[in-house]
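Student: what's the 3D shape of this:
(chains A and B)
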Amino acid sequence: MPFRPPDARAITPGGKGRFPGFDVLDGVEHWDDVTAGVVLARLDPQPDISFFTAAEQATAEALFDQLLGQEAEPKVPVLELVDRRLALGQTDGWRYEEMPEDSAAWQQTLAALDMDAKAFHDKRFHELSWSQQGTLVQAVHDAEVWHSLPGSQVWSLWTRYASTAFYSHPWAWNEIGFGGPAYPRGYKALGVDKREGWEVADHHSVDPVTFAGRVERAKRRHANTTGAMHQSPQGKR
Amino acid sequence: MTRFSDKKIRARNASAWLVPDGDNRTDHRLRGDMRRFADDDEVDIVIVGCGAGGATLMQRLARAGWSVVALDAGPFWDPDADWVSDEAASHRLYWTEPRVITGDDPVPLGSNNSGRGVGGSMVHYAGYTPRFHPSDFETASLDGVGADWPISYQDLKPYYEAIEEELPVSGQDWPWGDPHSYRYSPHPVSGNGEIFLRGAAAIGLNARVGPVAIANGRFGNRPHCIYRGFCLQGCKVNAKASPLITHVPDALAQGAEIRANCMVSSIEVGDNGLAKGVTYFTGGVEHFQRARMVAVAGYSIETPRLLLLSASKRFPDGLCNDEGQVGHYIMVQGAPQTAGRFAQEIRMFKAPPPEVSSEQYYETDPTKDYKRGFSIQTVSPLPITWAEHVAAQGHWGEVLREYMRDYVHWSTLGALCEFLPRYRNSVTLADEKDRHGLPVARFSYSQSDNDTALMKAAQRVMEDILKGAGAEEVMTIDRFAHLVGGCRMAASPSDGVVDATQRSFAVPNLYITDGSVLPTQGSANPALTIMALAARCADHLIAGSRRGLRPELIRQ
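Tutor: Next up is the predicted model:
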């Protein structure tokens, strides 16, 4: 098929996922053309960076990798997807009064993150180790005020843009078992533990660790990386 | 095979028979042949905003022979060409012109509470269409909080019934508020709905399937739902009701004109104190539409903003704002969302998010230390929204990814908590300007203690339901949903902007026909009530002085 080279089936970010062989792109012929157009465009070679400056680009890329735990290829091109959105001025239509408008807020916070890297390690943010970066990012998450901006509102800006880009990508859908566009096909097998013929079950055989165990493992690794106590639920709004 | 006849509904609103029955969802010929007025024509009424309130009013008045022009800031949607089965690419459905949010509890705008284009927010609402309870109309008298409406539930009841037929609504017999039934039987439920019903049974809570504005069956030429789960991204199927398919087609057939992509910048009032039309921008050019009457239906942020933008020598603080009421008493509903993790696969993204709901905790419970209550409904976030839910727990990086990988195992409920009206919750004009050079809205929100107590109580009940159904872990995100108030209806000008007929106290030929007139909000989704109010207002206009009616246009 034109949208996918032969060796690129069932790709998941970093090769992680729980639905082996599941590829939402297998269903493209069942999607309406308009939807297929916008989704497949995310798989196109991305245009050159046009919003972020070269200096911002390096910091932003490292920040997005941190926020989304993208340590290994293949990676969802979050930097490019966010850059295009900012270049087009596609905001959510609102901003907090204490924050500048989104494009200025991105420029300001990326510069501030680099300043933190300089202050603590005398390096650029992207030059830091994975763990050093993680520690600085966690500090922003925990901060009430960060570089005279409300910490929670900076965090909201970062995670909104990052998650929207990442979880709009078909590779992320492969990873989480989401069926993607569903028009005009729809769903027939509704109910607990029901699956369409083309859906793939969560494969416990690949990773027999329980959900609680997996989450615990991830939290431990995350805490070791960032040096942070993990937040309890409701810690952040 | 038809179980009952739709003849009577079709006779008063033929919209469902005016949409095509083939693979196309839009009758382009009906739109192409639309009657067109000139700016210089003094039409009977110009309506600002073509959503739940504006479109319903337009359809009713066009039927009565009025010459109607409706202006909308956004596009005239074509579900085939403009809407997609995709979360990220559906941003265009929301109002994305700049707005500033502030207060102790700033309310993010967008998908949950702002619409744009013909059909309004109902294009991307979930589809829940509960009625308000009789108590909602007199919370001040009954509970000592909120406000009494200048009308009662009984005044609105016939309009609830009419709109429920026209949408139409599917659901089980409804035991709460004023008990009633629905024309269409409830939809089958998916995994998410099953969990709610199972958990509710386990803790002795009464939960029902519905009420949703998606016919369980065909309705006119509108096909059956295909359970694809993208209700919040605009229904490409034409199964879920929105004014774009429930009232606009009939309005066009009856001679109304809809002008899309027209941003109204002010309402002009003459020396005689009467509105004489509206100024609007389209294609970057300023126009003026003359009219004998003006109705504003831009919703709780844009309606107050337009009145404030329409300040003049006579109304220096904004049109209809002599009493300082415009833009105040805006309400959102507290909408905490609680998810539970199950060993089985739920796959909550399958089937419409609106499935099962409960109003058992809707009314004031004298044993509690808070007033009024909340409702609980299934919601089923798609991946981006789900990531927001997970991230709200403080998870990011690898932990976020691990939770997200578990998406198919989670079931999610949402509550709607009745936040009380407060004067300080308001829309004012910011210093920042939009691309038309108009000051943008500044929306300030702060919760009261009662509001916060309701959020917590609702979260506890949702956790109990999910644990009752067997959830091994639960997690909650505090959110807000819906918007009402800002130009409320009142018995006297010192308490509101419009009277019981939705006519502004200050300008006799200016009406407000959207959610901004609501004095209280209950814990019901507001769409049905906004439509019912607009239909009632239309009846009042049609039966009234007929100042705007041109006799030669009355249809036989």
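
Student: show me what the longest helix belonging to chain B is packed against.
Tutor: Counting residues, the longest helix in chain B under DSSP state H turns out to be helix B:449-468. Applying 3 or more CB pairs under 8 Å, 6 or more residues apart in numbering or on different chains; DSSP states H and E, one finds that helix B:449-468 contacts helix B:191-203, strand B:328-334, strand B:337-341, strand B:374-378, strand B:410-417, strand B:473-477. From N, CA and C alone the C-beta is placed, and that goes for glycine too.

Student: okay, now the sheet partners of the last one, with direction.
Tutor: I take that to be strand B:473-477. strand B:337-341 (antiparallel) (DSSP bridges).

Student: next SSE downstream of the strand it pairs with?
Tutor: strand B:356-358 (DSSP states H and E).

Student: just checking: what are the partner strands of that following strand?
Tutor: strand B:208-209 (antiparallel), strand B:374-378 (antiparallel).

Student: which one of the ones you listed lies nearest to B:Asn192?
Tutor: Closest approach to B:Asn192 among those (CB to CB): strand B:374-378, 5.1 Å.

Student: could you give the average pLDDT over that closest one?
Tutor: Mean per-residue pLDDT for strand B:374-378: 98.

Student: and the helix or strand just after that strand, how far out from the chain middle?
Tutor: Next helix or strand after strand B:374-378 toward the C-terminus (DSSP H and E): helix B:383-391. Put simply, helix B:383-391 sits 24 Å off its chain's centre (CA atoms, centre = their mean, to the nearest Å).

Student: now do the longest helix of chain B: distance to the chain's middle.
Tutor: Taking CA atoms, centre = their mean, one finds the center of helix B:449-468 at 24 Å from the center of the full chain.

Student: between strand B:473-477 and that helix, find me the angle.
Tutor: Counting by axes from the mean of the first three to the mean of the last three CA atoms, to 10 degrees, helix B:449-468 lies at 150 degrees to strand B:473-477.

Student: and helix B:449-468 with helix B:191-203, angle?
Tutor: For helix B:449-468 against helix B:191-203, the angle by the same axes, to 10 degrees is 90 degrees.

Student: residues in contact with helix B:449-468?
Tutor: Helix B:449-468 has contacts (CB atoms under 8 Å, 6 or more residues apart in numbering or on different chains) with B:145, B:195-196, B:198-203, B:205, B:334, B:336, B:338-340, B:361, B:368-374, B:376, B:411, B:413, B:415, B:417-420, B:447, B:474, B:476, B:478.

Student: kindly recompute the last result at 7 Å.
Tutor: Helix B:449-468 is touched from outside by B:145, B:196, B:199-200, B:202-203, B:205, B:334, B:336, B:338, B:340, B:361, B:369-371, B:374, B:376, B:411, B:413, B:415, B:417-420, B:474, B:476, B:478, with contacts defined as CB atoms under 7 Å, 6 or more residues apart in numbering or on different chains.

Student: any idea of the angle that helix forms with strand B:410-417?
Tutor: 150 degrees.

Student: what is the mean pLDDT for helix B:449-468?
Tutor: Helix B:449-468 comes out at a mean pLDDT of 98.

Student: and the longest helix seen in chain A with chain B, contact?
Tutor: Using DSSP H to define each element, chain A has its longest helix at helix A:102-121. No. Judged by CB under 7 Å from any CB of the partner chain, helix A:102-121 and chain B are separated, with a smallest distance of 9.6 Å.

Student: which residues sit against that helix?
Tutor: A:56, A:59-60, A:63, A:86, A:91, A:95, A:99-100, A:123-125, A:128, A:132, A:136, A:147, A:154, A:157.

Student: out of those residues, which touch chain B?
Tutor: Restricting the contacts of helix A:102-121 to those touching chain B (CB under 7 Å from any CB) yields A:91, A:95.

Student: just to revisit the earlier point, reformat the strands paired with strand B:356-358 as JSON lines; add mean neighbour count and distance to A:Glu199.
Tutor: Formatted as JSON lines, these follow (neighbours: other CB atoms under 10 Å in any protein chain shown; distance: least, CB to CB, whole Å):
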{"stretch": "strand B:208-209", "mean neighbour count": "20", "distance to A:Glu199": "24"}
{"stretch": "strand B:374-378", "mean neighbour count": "26", "distance to A:Glu199": "20"}
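
Student: of the contacts of helix A:102-121, which belong to strands?
Tutor: A:Arg95 (DSSP state E).

Student: which among the contacts of helix A:102-121 end up buried?
Tutor: For the contacts of helix A:102-121, a neighbour count by 16 or more other CB atoms under 10 Å in any protein chain shown gives the buried set as A:56, A:59-60, A:63, A:86, A:91, A:95, A:99, A:125, A:128, A:132, A:136, A:154, A:157.
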